[in-house]
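> Predicted model, plus sequence, below.
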Amino acid sequence: MTAPVLGPGLAAGPLAAGSLSSQGHSFLSPTGVEIVFVLVGLAVLGAAVLSVTTRQLVHAALWLVVALGGLAVEFLLLTAEFIAWVQVLIYIGSVVVLVLFGLMLTRAPIGRSPDADSRNRPVALGTAAAAAATLVTLVVDAFRTTWVDLDAGTGSARATGSSLFRHWVLPFEALSVLLLAALVGAIVLSRRDGDRTPPRPPRPRPGRAVSAARRTPAAPVAPTATPAAPGTSANPATNPATPPQER
Amino acid sequence: MHLAYPAVLAVLLFSVGVYGVLARRNAVLVLMSVELMLNAVNLNLVAFDVWLRDTLHAGQALTLFTITVAAAEIGLGLAVVLMVFRNRGTADVDRLRDLAENAEPADGADDALPAGHPGPSRAADQEKGRAAA
Amino acid sequence: MTVTLAALVPALPALGAAAGLAAGRRAPGFVRPLAVLPVAASAVLALLVALDLGTGRTLDAATRLTPTGGPAIDLAIHLDGLATAIAVLVGTVATCVQVYSTAYLRDDPRYPSYAALVSLFTAAMMLVVYSGDLIVLLVGWEVMGICSYFLIGHHWETADARSASLKAFLVTKLGDVPFLFGLFALGADAGTFRISGVLDAAAHGHLGHPTLVALLLLAGVAGKSAQFPLHTWLPDAMAGPTPVSALIHAATMVAAGIYLVARLLPVFLLSAAALVVLAVLAAVTMVGSGLCALAQDDLKRVLAYSTVGQLGYMAGALASGDRDAAVFHLLGHGFFKALLFLAAGVVIHAAHTNSLTAMSRMPGLRRRVPDASWTMGIGLVALVGLPPLTGFFTKESVLTAAEHAATGEALTRGLGPADAVPAAAGWIVLVAGAVTALLTGAYATRLWLLAFHAPAARPVVSALAPDDAAGGRAAEPHAMRWPLWVLAVPTLAFGVAGLRTDWLPSLLDGGSLRPSSDTAVLGTGLAAAGVLVAYTAWRAASRQVARAQADAANTALERAAAEHAVRPAGTQAAPEETPADLAADLPPARPAGAPPTHEAIDAAIAAAEAVALTPDPARTLLGPLLTPATRGFGLDRLYAAVFAAPTAAAARLARFLDREVVEGYVQGSGLGARLLGAAVRRAQNGNAQAYLGALLAGAVVLAVAVAVGT
């Protein structure tokens, strides 16, 4: 377990330029980078722990921002600048914003909510602790004598861009299609109920059982039965089989 | 830098994410914990890429892809959560018990249809559940 | 030629049976010819074979049927005087029975199957008689058993018939299992299943275990020939139709056991113990059945017990070492017992009841069935054993044989040494035979008097009401009459014919069948004594009954006269003549001058009829033994308690174990699976986080396991 395993999917080029020997490096004399890394790492961890344990739901999102930001700093320390800025832009910029919007739209309570944690806490704690212990042991044991050469420049925008558009074009394009699909899917999913199912189901009066026969055979999240939404243009490209429905 | 630092940090972040996924009640918070896990993976990828320094820059490219996919995923995930909230009136994963053996109907929303009503298949399952009980 | 004819003798009735079963529903017109003709043809052929074979000759023919690991089984025919004589008996009786049945069962919807089974039975008995191989004999033996089962249960709508047929089957099977093992032992000892081979081995002393073999075979004989202790099925088997009783349970099937012992007598003569056992069985059977016959109310049961007793005579003769006497009695008994049963069938048909008590209240029964009553009389005289009828000669030959054995000079006629028969066996048979002769006389007389002499016992009734003799001849159709007369001929003449040494005795083993003078006197004297005793007791009982009836009638007349005196004038009924003997019986206190009215006479008759006494001599003769004798001395109850009840209890235990224990495990496994499923299903609570938690925990465990393992 002392020799690290180079995965089969890695570069066919020259082998790792990382050093496997410990000449000149010693664990007991950390460099400055390491110290900063550890400190920021502690901050990240702390923010993450707070994010998953706090009872105030919005605070959890905000702590997530801190954690993600800390991670961006870590990326910088690891000489991957482009990744760091992408992290900030995408994750902090849009993902967390989306999360906050999600919290808002699902009427998350402001202030403490007593039932923020489910009853699975002990199991979750156990599993997480076990996973952590296992993986830490594994990792430390595997990379006991592995040092990383931190030379600036390999994570620059130029280097990343050229590698991306030279070697990773196809996945890049596929990913754009994926993004498009996600976009369309999100739009479709978030339409209102009444636009989808003709006839429009009446509001249930209190006490009256709703019969199953009224519902169409479609499951509530089935995106296939989609009549034209009022006011929005139909997407014949995505729903060619559905005849135009009456209002 | 010793490789253990980023690797261990990634592991711990991942574990925190696991805890969060399993322990949080609100669906959005679960998604947030998933983001934590993805970020841990990203950190791992970057650290190993920097260590290996291969010509393909595979680690960093994959990190970009992971970020992209995560973004797409959270978008769709939140759309699903919103739909669930609209139909069931709650975003608590604890209350979404349709997978249960005798699926009890979830609490009804003040809006929309009463919960527990996906269609005849669910009703048939309920019949079966009642008959077997 | 003879062999061909002999092969046809069993084959024809079997084919007739098959054809009858096939034609039963489709061509009902053919059923009666197919019932009678093959059996009649077979009887004629048997007679031809007997005549062709003559005396003093034996014929063997065999073909290998199947090899086995040990002694092979041959399809063999062994013809000698013994076999041919019995075959003639079987053929004659079977033909008479088939003809009789065409009238007796005229209206029976199951007649085709009945006739076919009777034919099949006849074929099986012929096979037993002609067979030269023990296993082929066993086949015939068992086929007879199953035919008996079916025929006893012919009226299977009644519970009596069902249980009787099952009882007959089971009791005979109880004897047949040791019988089978006896055959195997015999075959193993002798190295062959051929009867000639077995007898050779016996003669040369090659049989290693004669006593064991003989005792095992005796078990089967006791079952089949209804000897104690396996005799309980025969009285109950009277639930079957009367012709069946005549054929199977009087003349033929029950004789098969006697035939077997006669055939294998050299083997039995090798074992003194077996002979003593046989003698004891015969003695107990004879005396016990005689007592039971004296107490029975059912006409057929009397005849059944009588059969058991007469079979005991034959067994006793065999125990004394003399098979000629046994076969002589077998032949004679076959004829007169079949005659008795068929005549009884006619009587029962006419009286519409089996009960002697009821018949003793039927005046004019004799006038209604004259042929039956005459032939029954002949048969009963033969049964009692009065000269010059068959029964006298045959029974005396048995007693002579017993006497000779008792004095140490058994009449084994060359089949074995004379001292092979222990004297004790002879004495036992002699004493029991004498007692039984007395008892036979008594019960035969009782039967005759109770069934046919009712009018003499009821003077009041016959005086008051003229009986209608016009009922008449319609009670006896022709087909039921002439078999009776056909069988009456040998009943009269067979015994005398047996005295000619160049005919019957030379058919058997030679020697003479003449009775010795002292046993003749003893036997006949005791039989006559029995007759007289029964008659006297009957007279006494009849007088008692007549007195009681007269008293009852007088009381009724007085009462009627008193009412008559009180009645207002003008309402008198027409006066009737007063018969003379009524005046003789009535006391003079009758109101003078006023003849008894019509209603008074009716009331008197009714009162006389209501007297529940029967002039049954059994009550005086048996005394305290009456009730046990009626019930067969409790043997049925004993068997039920000793065999049937534990078996039923074991069956209940087995059912309990199966249902509660084994089934419990089966159901428990189902229940366990359901509980397990329910327990596992509780994990499906719908909480996706729980599922995910389990997944991740499992993944961690697996990772650790892999890491530690490698």
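Ah, there it is.

> State the number of residues packed around the closest residue to residue C:85 other than its chain neighbours.
Nearest non-adjacent residue to residue C:85, counting by C-beta to C-beta, 6 or more residues apart in numbering or on different chains: residue C:507, 5.5 Å away. For every residue, glycine as well, the C-beta is placed using N, CA and C. Neighbours of residue C:507 under the rule other C-beta atoms under 10 Å in any protein chain shown: 22.

> hang on, residue C:507 packs against residue C:81?
Yes - under the criterion of C-beta atoms under 8 Å, residue C:507 makes contact with residue C:81 at 3.3 Å.

> Just give the number of residues close to residue C:51.
For residue C:51, using other C-beta under 10 Å, the count is 11.

> where's it, which helix or strand?
Taking DSSP states H and E as the criterion, residue C:51 maps to helix C:31-53.

> on that earlier part again, show me whatever sits in contact with both of residue C:507 and residue C:81.
Common neighbours of residue C:507 and residue C:81, using C-beta atoms under 8 Å, 6 or more residues apart in numbering or on different chains, are residue C:55.

> Could you export stretch C:146-153 as CSV, CA atoms only?
Extracted in CSV, the C-alpha atoms of stretch C:146-153 (Å, rounded to 0.1, in the frame of the first residue of the first chain):
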residue,chain,number,x,y,z
ILE,C,146,-61.3,-60.2,-4.4
CYS,C,147,-64.4,-61.6,-6.2
SER,C,148,-65.7,-62.5,-2.8
TYR,C,149,-65.2,-58.9,-1.7
PHE,C,150,-67.0,-57.5,-4.7
LEU,C,151,-69.9,-60.0,-4.4
ILE,C,152,-70.5,-59.7,-0.7
GLY,C,153,-70.6,-55.9,-1.3
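
> contact partners of that stretch?
C:113-114, C:117-118, C:120-121, C:124, C:161-162, C:164-166, C:168-169, C:172, C:237, C:239-241, C:244, C:248-249, C:253.

> How about it, which residues are buried there?
C:147-153 (16 or more other C-beta atoms under 10 Å in any protein chain shown).

> From the contact counts, what lies against the helix ranked longest in chain B?
Ranked by number of residues, the top helix in chain B under DSSP state H is helix B:58-88. Packing partners of helix B:58-88 (3 or more C-beta pairs under 8 Å, 6 or more residues apart in numbering or on different chains; DSSP states H and E): helix A:81-86, helix A:96-105, helix A:157-167, helix A:169-189, helix B:27-52.

> angle of the third one against helix B:58-88?
If you take axes from the mean of the first three to the mean of the last three C-alpha atoms, to 10 degrees, helix A:157-167 sits at 80 degrees to helix B:58-88.

> List of residues touching helix A:157-167?
Applying C-beta under 8 Å, 6+ apart, the contact partners of helix A:157-167 are A:81-83, A:153, A:172, B:55-57, B:60-61, B:64.

> do the same with the second one
For helix A:96-105, the surrounding residues in contact (C-beta under 8 Å, 6+ apart) are A:57-58, A:61, A:64-65, A:68, B:26, B:28, B:31-32, B:35, B:74-75, B:78, B:81-82, B:85.

> so what secondary structure elements neighbour the helix or strand following it?
Per DSSP H and E, helix A:96-105 leads on to helix A:121-142 as the next helix or strand towards the C-terminus. Packed against helix A:121-142 by the contact rule (3+ C-beta pairs under 8 Å, 6+ apart) you find helix B:4-23, helix C:688-709.

> so which of the ones you listed gets nearest residue C:299?
helix C:688-709 (87.9 Å; C-beta to C-beta).

> How about the closest one and chain B, any contact?
Yes - legend: contact between helix C:688-709 and chain B by C-beta under 8 Å from any C-beta of the partner chain is shown at C:688-689, C:691-693, C:696.

> now those residues in CSV, with pLDDT and distance to residue C:136?
CSV is the format used below for the residues of helix C:688-709 next to chain B (pLDDT from 0 to 100; distance: C-beta to C-beta, whole Å):
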residue, pLDDT, distance to residue C:136
C:688, 86, 82
C:689, 87, 85
C:691, 89, 78
C:692, 90, 82
C:693, 90, 82
C:696, 92, 82
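
> Kindly present these as JSON lines, with separate columns for distance to residue A:39.
Shown next, in JSON lines, are these (distance: C-beta to C-beta, whole Å):
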{"residue": "C:688", "distance to residue A:39": "37"}
{"residue": "C:689", "distance to residue A:39": "33"}
{"residue": "C:691", "distance to residue A:39": "38"}
{"residue": "C:692", "distance to residue A:39": "33"}
{"residue": "C:693", "distance to residue A:39": "33"}
{"residue": "C:696", "distance to residue A:39": "30"}
